[in-house]
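# Requesting a structural model of the entry that follows:
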Amino acid sequence: ITLVGCPKLDSVDYSEKLTQIFKHNDILSVTLTRMTVPCCGGLAFAVKNAIEGSGKNIPLTIVTISPDGQIIK
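Residues are numbered from 1 along each chain as shown. A predicted model of the protein is given here:
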């Protein structure tokens, strides 16, 4: 399943919705792909909060991409 969001353009608290998704479904892992731009940091924060709020131990991988498409390790 792929979810897409942009904290800069969306005026929504992602962590609330994600917490419910994680809590009520059998999510085995989450991979967050984000850009290096500062506003994408909000996505990582929301996903981390949602996993914690779900009460589950869901492995999280964060992949960061530069504006030119390079994967930053």
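
# Nearest residue to residue 23 in space, please, no chain neighbours.
What sits nearest to residue 23 in space, not counting adjacent residues and going by CB to CB, 6 or more residues apart in numbering, is residue 54, at 4.3 Å. For every residue, glycine as well, the C-beta is placed using N, CA and C.

# do the same with residue 63
residue 33 (4.7 Å).

# State whether that neighbour is indeed within a strand.
Yes. Judged by DSSP: H, G, I helix; E, B strand; the rest coil, residue 33 forms part of a strand.

# How many residues are close by residue 46?
For residue 46, the number of neighbouring residues by other CB atoms under 10 Å comes to 21.

# what about the helices in the protein?
Across the chain, reading from the start of the chain, the helices by DSSP state H fall at 14-24, 41-54.

# Adding mean pLDDT as columns, could you present those in CSV?
Conversion of the helices of the chain to CSV gives the following (pLDDT from 0 to 100):
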stretch, mean pLDDT
helix 14-24, 95
helix 41-54, 94
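
# For the nearest residue to residue 30 once chain neighbours are set aside, give me its contacts.
With sequence-adjacent residues excluded and distances taken as CB to CB, 6+ apart, residue 30 is closest to residue 60, at 5.0 Å. Remark: with contacts taken as CB atoms under 8 Å, 6 or more residues apart in numbering, residue 60 is in contact with 29, 30, 31, 32, 47, 48, 51.
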